[in-house]
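Visitor: Pasting the sequence and the predicted model now:
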Amino acid sequence: MPSISPARDDQHMVPVRCHRFIGGFTLASLVTFGEIMDHHIMSIAGTPVGFSSLIILVSTISSAKRQVQSIGQTPRMDAIAQRL
């Protein structure tokens, strides 16, 4: 793109970094909560439920869904880049 230099830190990247931090913090909090719940249920029922595994599975499915949506947007983004 003619007006954007890859080496320059543009202002549109600040919200992206903020959202990545918040997403990472949220995921870490969910995994910690899952481990605490697993420990609690293990002490009550004697068997772990696997909350962390469920969180990882849902995260993987969500990531795959975003990648498929991104691949679907590629032709549209190519058309926009050609107009610039």
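Guide: That came in fine, so what should we check first?

Visitor: For the rest of this, base every contact and every neighbour count on C-alpha atoms.
Guide: Fine.

Visitor: where are the low-confidence patches of this structure?
Guide: 1-13 (pLDDT under 70).

Visitor: Now do the helices in it.
Guide: 13-45, 51-83 (DSSP state H).

Visitor: how far away is the nearest residue to P48 once chain neighbours are set aside from I36?
Guide: Among residues not flanking P48 along the chain, M42 sits closest, at 5.0 Å (CA to CA, 6 or more residues apart in numbering). Noted for M42: a distance of 10 Å to I36, by CA to CA, to the nearest Å.

Visitor: How about Q82?
Guide: Taking CA to CA, one finds Q82 at 51 Å from I36.

Visitor: So the two - more neighbours on which side?
Guide: When neighbours are counted by other CA atoms under 10 Å, I36 comes out ahead of the other of Q82 and I36, with 14 against 9.

Visitor: Please report how far the more buried one lies from D78.
Guide: Noted for I36: a distance of 46 Å to D78, by CA to CA.
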